[in-house]
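J.: I would like the atomic coordinates for the input below:
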Amino acid sequence: MTADLKLGLNLGYWPASPPPGQLELVTTADDCGYDSLWTAEAWGSDAVSPLAWYGAHTRRLRLATGLIQLSARTPACVAMTAATLDHLSGGRVVLGLGVSGPQVVEGWYGQPFPQPLARTREYVEIIRMALARQRPVTNDGPHYPLPYPGGTGLGKPLKLIVHPLRDRIPIYLGAEGPRNVALAAEIADGWVPIFYHAERGPKAYADALAAAPPGFEIACPVTVNITDDVAAGLQVVKWTLAFYIGGMGAKSVNFHLNLMGRLGYADDAAEVQRLFLAGDRAAAAAAVPDDLADGISLVGPLARVRERLALWRDSPVTTLLVGGVRDPAHLRALADLL
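T.: Residues are numbered from 1 along each chain as shown. Modelled structure (predicted):
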């Protein structure tokens, strides 16, 4: 159970252009007690640039990447970026990292996808070593060897020129599979699930999180739609689920599809994927079970949202990352409920 459930504002990544009104949402969240601001990346807007912009307009919000894709930047580059933004923001940075999937890693970044757990472990170790600045950074691992073993032979171990404001910036890992979640519990300060069911999630992830240390954070994205029409509100969540189950991954390798199976929706998810890949996206969204959409979101009038917040308070989740909100008044209303 979470004694003090925190709120974060989750802006995600942009669609075709920057959504209007986001700066007002950010400043509202900053004013009414939200703990953190999260931005993401896929193959469009990046996760870091918006945080620099919004950080200049806020005073309190922690600035979190949710998530930086490992294959987009070397770990040394991420350490430099984190140290820079942490100084500019007065120590407000949180690094959310994730491996993404093979379609993006190999199709967009032109990098190999295999061995994601081993790559993640090396990546985190290098970032932590660079920020600690206790010695020049070296790494003997196969994924990010430092210095580079080929080339001119002139490479040498280096230390960050800038002295980090904090020698240990919090690192959260985005993960879906049990082994990936267990890795987050082992080496990171927190975990960012992409979909966490308020009622089924605790059991589904209990084994993977069994070794999490005290103070381990779980920052969970939750679509919030304050509306009197619950069915219409859930339909928005269903469209998102249908897209991830059906389109965010290959037919044979889709981590989101596999996750739905672990939550107890294997047959439903297979049908959603079949319909989506057949081109019938409306039918795919309609095939998403109401209980699944309702379990990962907060939808309905304020009285219903207040009632369902109790499920999240009874879960291991420590921060709700509020997404989907367009009205600043709704952000304030949710803060009032907590």
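J.: Now for this structure, the helix or strand with the poorest mean pLDDT.
T.: helix 255-262 (a mean of 89; mean pLDDT, DSSP states H and E).
J.: Can you list the neighbours in contact with that helix?
T.: Contact with helix 255-262 is made by 101, 176-178, 194-195, 204, 244-245, 248-249, 266, 268-270, 273, 292, as judged by C-beta atoms under 8 Å, 6 or more residues apart in numbering. Heads up, the C-betas are built off the backbone N, CA and C, glycines and all.
J.: what about that helix, distance to the chain center?
T.: 17 Å (C-alpha atoms, centre = their mean, to the nearest Å).
J.: Could you list the buried residues of that helix?
T.: For helix 255-262, a neighbour-count test (16 or more other C-beta atoms under 10 Å) marks 255-260, 262 as buried.
J.: How about stretch 60-77?
T.: For stretch 60-77, by 16+ other C-beta under 10 Å, it's 61-73, 75-76.
J.: What of stretch 126-144?
T.: 126-131, 133, 137, 139, 143-144.
J.: Could you work out the most separated pair of these?
T.: Pairwise distances across the buried residues of stretch 126-144 peak at 22.2 Å for 133 and 143 (criterion: C-beta to C-beta).
J.: And residue 262, how far from residue 198?
T.: Distance, residue 262 to residue 198, using C-beta to C-beta, to the nearest Å: 15 Å.
J.: Kindly report the same for residue 267.
T.: Separation of residue 267 from residue 198 (C-beta to C-beta) stands at 21 Å.
J.: Of those two, which one has the most company?
T.: Neighbour totals were compared for residue 267 and residue 198, and residue 198 leads with 23 against 11 (other C-beta atoms under 10 Å).
J.: Contact partners for the more buried one?
T.: Neighbour list for residue 198: 295-296, 308, 311-312, 315, 317 [criterion: C-beta under 8 Å, 6+ apart].
J.: Tell me the one among those residues nearest to residue 17.
T.: For the contacts of residue 198, the nearest to residue 17 is residue 296 (26.8 Å; C-beta to C-beta).
J.: residues touching the closest one, list them.
T.: Shown in contact with residue 296 (C-beta under 8 Å, 6+ apart): 195-198, 222-223, 237, 241.
J.: So residue 111 sits against residue 69, correct?
T.: No: Residue 111 is beyond contact range of residue 69, at 9.6 Å (criterion: C-beta atoms under 8 Å).
J.: where do the strands sit along the stretch 1-150 of the chain?
T.: Using DSSP state E, counting those that start in this stretch, the strands of the stretch 1-150 of the chain run over 6-12, 36-39, 62-65, 68-69, 93-98.
J.: Out of the ones you listed, which is closest to residue 332?
T.: With C-beta to C-beta as the criterion, residue 332 lies closest to strand 6-12 of the strands of the stretch 1-150 of the chain, at 10.9 Å.
J.: From the contact counts, what lies against the closest one?
T.: On a contact count with 3 or more C-beta pairs under 8 Å, 6 or more residues apart in numbering; DSSP states H and E, strand 6-12 meets helix 22-31, strand 36-39, strand 319-323, helix 328-337.
J.: Could you tell me the angle between that strand and strand 93-98?
T.: If you take axes from the mean of the first three to the mean of the last three C-alpha atoms, to 10 degrees, strand 6-12 sits at 60 degrees to strand 93-98.
J.: So in that sheet, which strands flank strand 6-12, and in what orientation?
T.: Its sheet considered, strand 6-12 pairs with strand 36-39 (parallel), strand 319-323 (parallel) by DSSP bridges.
J.: Can you pull out the low-pLDDT segments for this structure?
T.: 1-3 (pLDDT under 70).
J.: So for it, the centremost residue is which one?
T.: Nearest residue to the geometric centre of the chain (C-alpha atoms, centre = their mean): residue 66, 3.8 Å.
J.: Leaving out chain neighbours, which residue sits closest to that residue?
T.: residue 38 (3.6 Å; C-beta to C-beta, 6 or more residues apart in numbering).
J.: ok, now residue 162?
T.: In this structure, residue 162 finds its nearest non-sequential neighbour in residue 83, 5.5 Å apart by C-beta to C-beta, 6+ apart.
J.: what's the distance between that neighbour and residue 152?
T.: Taken as C-beta to C-beta, the span from residue 83 to residue 152 is 27 Å.
J.: Neighbour count: the two, which is higher?
T.: Applying other C-beta under 10 Å to residue 83 and residue 152 shows that residue 83 carries more neighbours, namely 24 against 6.
J.: Now for the spatially closest residue to residue 136 that is not a sequence neighbour, how many residues are close by?
T.: Distance criterion C-beta to C-beta, 6+ apart; nearest residue to residue 136, sequence neighbours excluded, is residue 157 at 3.3 Å. Using other C-beta under 10 Å, residue 157 is surrounded by 11 other residues.
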